[in-house]
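Chemist: This is a predicted model, with the sequence first.
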Amino acid sequence: MTASASVTPLATFDRVESRVRSYSRSFPEMFNRAQGATLYDIAGNAYTDFLAGCSSLNYGHNDPDLKAALIDYVASDGIAHGLDMFTSAKKRFLDRFERFILKPRGLDHRVQFTGPTGANAVEAALKLARKVTGRDNVISFTNGFHGVTLGALAATGNGKHRGGASTPLSGVTRAAFDGYYGPDINTADLLDSQLSDPSSGIDAPAAIIVETVQGEGGLNAASPEWLRQIQDIARRHGALFIIDDIQAGCGRTGGFFSFDGMGLSPDIITMAKSLSGMGLPLAVALIKPQYDIWKPAEHNGTFRGNNHAFVTAAAALEKFWADDGFAGKVAEKADYLARRLEAIADDYGLRVKGRGMMLGIETGSGEQASAICKRCFENGLIIETSGSFDEVVKVLAPLTITKAELAAGLDVLEAAFGSVAGSHRAAAE
Ligand code: PLP
């Protein structure tokens, strides 16, 4: 053993892992077990998880039915990796996706398995829109987040992430998201007039890409009317309308798609995060058939369609999306969450943002929000921030969390606001 060998378990990470790691800085414990809405560290301490893998664990950690399906599949020597060859696991997933998700919504989108990250689904969507239209420019929105590979990063607003590129991020024009200039200015009208003016300096777009609720950008929720107007603008100006549902989808804001019931018909939908149901990597671009003009292997990758993820994703669709029961229960929890957050926000003159089970409180400063999250962690609650200045404390609890667990986690959050926001208020008075 050398003198530099680890003396505490965390020393290994400091010594060996890249400095790029981030969440482990906010939650500096080592975890080894998780079930439902609870994570355990190696000392056996329990933490309620209000981060849920950044919405990758909407059905909680290690759902027993998803886990059983995966164990059975592995135990029977099911294919783990099959490139994009036909496998029974892929067929089962596609059949379930068609039956429970596409058909009931009258959708006939083709399913493209991209590389396994959300960013790669976005890369595929942007490449395809450019290929279909023969145009380069893409419109994305202020505070939007679409991933950190170069194409997706160009569409991302966040300055910290953009700063990591060290190369020009091109091919994207930024438009103002719904409400960016306050409630009295319709930013869709602004975009429409710019695109209608051949001398506005904005090249005709290949696509308009939007999140219905900006997950990383501060939980800004677009209204259905605004989204319909953006879709209409895309159609009139010959651009594809892309909804990035990577964080807001899979039940997080209500239905399976975050835009369910809004009268929208996106040309491309990107999904990842909770699609596999169990935190396994799986991402897709859903493409209207007339735009599925890829040549074989044009958007390639070794890990397109993870068979273990197909197994758990199919099990998740069967368990949670075969009828409306799950969405109904999520809506009840979302109402409770909204009431509790409104009560906390009212106490401190703050504002609740977001939609469904994707809600948070704008605290006014990143410093305050991170102090609140730190206090929560000390008291057994994992929760993170969002927004331009990390000023929003964001609740992303698993959708399967019990009411009692949700209430207990919110009690910890309320107490953290009391000690941090309360003391800031006292100091100001
Ligand atoms: N799009 C949205 C809306 C996201 O929230 C994210 C990740 O947070 C991404 C794309 C990128 O996904 P990934 O981190 O899997 O590349």
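Modeler: Alright, I've got the coordinates.
Chemist: Just give the nearest non-adjacent residue to I246, would you?
Modeler: For I246, the nearest residue in space outside its immediate sequence neighbours is G118; the separation is 4.0 Å by CB to CB, 6 or more residues apart in numbering. No exception for glycine: its C-beta is placed from N, CA and C like everyone else's.
Chemist: swap that for R21, please
Modeler: F13 (7.3 Å).
Chemist: cool, I230 as well?
Modeler: Take I230 and drop its neighbours on the chain: the residue closest to it by CB to CB, 6+ apart is A188, 5.6 Å away.
Chemist: ok, now how distant is the one you found from the ligand?
Modeler: Distance, A188 to the ligand, by CB to the nearest ligand atom, to the nearest Å: 20 Å.
Chemist: Now do the phi/psi pair for that residue.
Modeler: phi -70, psi -40 (degrees, to the nearest 10).
Chemist: Next: the one 10 residues further on.
Modeler: Note on P198: its backbone torsions stand at phi -60, psi -10 [degrees, to the nearest 10].
Chemist: which residues does whichever residue of the stretch 101-250 of the chain sits closest to the ligand contact?
Modeler: Scanning the stretch 101-250 of the chain for the residue nearest the ligand gives G118, at 2.3 Å (criterion: CB to the nearest ligand atom). Shown in contact with G118 (CB atoms under 8 Å, 6 or more residues apart in numbering): H146, G147, D244, I246, Q247, T270, A272, K273, A283.
Chemist: Report the separation between it and S88.
Modeler: In this view, G118 and S88 are 26 Å apart by CB to CB, to the nearest Å.
Chemist: ditto for C250
Modeler: 23 Å.
Chemist: which one of those two has more residues nearby?
Modeler: Between C250 and S88, counted using other CB atoms under 10 Å, C250 has the larger neighbour count: 28 against 13.
Chemist: so which helix or strand takes in that one?
Modeler: If you go by DSSP states H and E, C250 is not part of any helix or strand.
Chemist: Hmm, it is touching M271, no?
Modeler: Yes - with contacts counted by CB atoms under 8 Å, C250 reaches M271, the gap being 7.2 Å.
Chemist: Pull the number of nearby residues for the residue lying closest to I243 once chain neighbours are set aside.
Modeler: Leaving out its chain neighbours, the residue that sits closest to I243 by CB to CB, 6+ apart is P266, at 4.2 Å. Per other CB under 10 Å, the neighbour tally for P266 reads 27.
Chemist: for E367, same thing?
Modeler: Here the number of neighbours of E367 (other CB under 10 Å) works out to 14.
Chemist: swap in the one 4 residues further on?
Modeler: When counting by other CB under 10 Å, one arrives at 19 neighbours for A371.
Chemist: Okay, buried residues for the helix or strand hosting it please.
Modeler: With secondary structure defined by DSSP H and E, A371 is part of helix 366-378. Residues of helix 366-378 classed as buried under the neighbour-count rule (16 or more other CB atoms under 10 Å) are Q368, A369, S370, A371, I372, C373, R375, C376, F377.
Chemist: How many neighbouring residues does the residue nearest to the last one when sequence neighbours are not counted have?
Modeler: Just to be clear, that refers to F377. Nearest-residue entry for F377: F27, 5.9 Å, with adjacent residues in sequence omitted and distances by CB to CB, 6+ apart. Per other CB under 10 Å, the neighbour tally for F27 reads 18.
Chemist: now the residue of the stretch 101-250 of the chain closest to the ligand: how far from F145?
Modeler: Distance check for G118 against F145: by CB to CB, it reads 9 Å.
Chemist: Common neighbours of those two, please.
Modeler: The overlap between the contact sets of G118 and F145 (CB under 8 Å, 6+ apart) consists of Q247.
Chemist: residues in this protein within reach of the ligand, list them.
Modeler: Proximity of the chain to the ligand is assessed by CB under 6 Å from any ligand atom, with 54, 117-119, 122, 145-147, 211, 215-216, 244, 246-247, 272 identified as the residues in range.
Chemist: List only buried entries from the residues you listed.
Modeler: Buried by 16+ other CB under 10 Å: 54, 117-119, 122, 145-147, 211, 215-216, 244, 246-247, 272, out of these.
Chemist: farthest-separated two in those residues?
Modeler: When those are compared pair by pair using CB to CB, the two farthest from each other are T117 and E211, 16.2 Å apart.
Chemist: for the residue nearest to F377, what are its contacts?
Modeler: With contacts defined as CB under 8 Å, 6+ apart, F27 is in contact with Y47, F377, I382.
Chemist: Tell me the bridge partners for the first one.
Modeler: Yep, that's Y47 we're talking about. Partner residues in beta bridges with Y47: L39, with DSSP bridges as the criterion.
Chemist: Tell me if I'm right that it and A37 touch.
Modeler: No - counting by CB under 8 Å, Y47 stays clear of A37, with 9.5 Å between them.
Chemist: and the residue nearest the centre of the chain, what are its phi and psi?
Modeler: Centroid check for the chain by CA atoms, centre = their mean gives Q247 as the closest residue, at 1.6 Å. Dihedral pair for Q247: phi -100, psi -40, per degrees, to the nearest 10.
Chemist: can you pull the contacts of it?
Modeler: With contact taken as CB under 8 Å, 6+ apart, Q247 is in contact with C54, S55, G118, F145, E211, V213, G215, E216, K273, M358.
Chemist: now swap in C54 and tell me
Modeler: Taking CB under 8 Å, 6+ apart as the contact definition, C54 lies against G215, Q247, K273, E384, L396.
Chemist: Looking at these, which is nearest I287?
Modeler: Comparing every one of those with I287 (CB to CB), the shortest separation belongs to K273, at 18.9 Å.
Chemist: What is the neighbour count of the nearest residue to the closest one once chain neighbours are set aside?
Modeler: For K273, the nearest residue in space outside its immediate sequence neighbours is S56; the separation is 4.3 Å by CB to CB, 6+ apart. By other CB under 10 Å, the residues close to S56 number 24.
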